[in-house]
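> Okay, predicted coordinates and the sequence, questions at the end:
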Amino acid sequence: MKVASFDIVFQEIPGEVTLALNLSGCPCHCQGCHSLHLWEDIGEEMNEELLDGLLARYGSMITCVCFMGGDQDPEEVARLASYLKLEIGDLKLKTAWYSGRMNFPTKDVFDYVKLGPYIESLGGLKSEKTNQRLYKKTAEGWEDITSSFWRKTL
């Protein structure tokens, strides 16, 4: 699994300053995908050393790390999220996964999970018609917070 690029973002996870890791090798190949370059196997190997370097540089500026993709190896995404929780625990970072899958990942190490393939006619999370869902882990279970992306009209 490789990271093609990364950025600090403010919209992907509501209320969080997020280090978004764009993972390449996406097997989903959604029609209308806005990140076609992520279908290719490009970038730097995603591992603990890379995470440590990014957190040394950006850790004090962020509240969350989001794995954008990684559907070709969900177990590895979960393992790296666990690493962030256990090894980098003093930062108290939240973890998120944007997945094109329809089901929750096998490991319960994420604070947020976006599920669902991109369907061009339904739009992304900002569309009220979207099939995609963003869930937040709460004490009661998983809460669907997708509507937090929708514009409220007066």
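That came through, no problem. Numbering: from 1, shown residues only.

> Could you check the pLDDT of residue 144?
Residue 144 is assigned a pLDDT of 96 by the prediction.

> So it sits against residue 132, correct?
No: at 10.7 Å, residue 144 does not count as touching residue 132 under the criterion of Cβ atoms under 8 Å. For every residue, glycine as well, the C-beta is placed using N, CA and C.

> Scan the chain for its longest strand.
If you go by DSSP state E, the chain has its longest strand at strand 2-9.

> Next secondary structure after that strand?
strand 18-23 (DSSP states H and E).

> Run the chain-centre distance for the following helix or strand past that next one.
For strand 18-23, the following helix or strand on the C-terminal side (DSSP H and E) is strand 44-45. What separates the centre of strand 44-45 from the centre of its chain is 17 Å, taken as Cα atoms, centre = their mean, to the nearest Å.

> quick one: the next helix or strand along the chain from strand 44-45 to strand 2-9, angle?
Counting by DSSP H and E, the next helix or strand C-terminal to strand 44-45 is helix 48-58. If you take axes from the mean of the first three to the mean of the last three Cα atoms, to 10 degrees, helix 48-58 sits at 20 degrees to strand 2-9.

> if we look at the following helix or strand past helix 48-58, which residues are touching it?
The helix or strand immediately downstream of helix 48-58 is strand 64-68, counting by DSSP H and E. Strand 64-68 has contacts (Cβ atoms under 8 Å, 6 or more residues apart in numbering) with 9, 12-13, 16-23, 51, 77, 80-81, 84, 93-98, 111-112.
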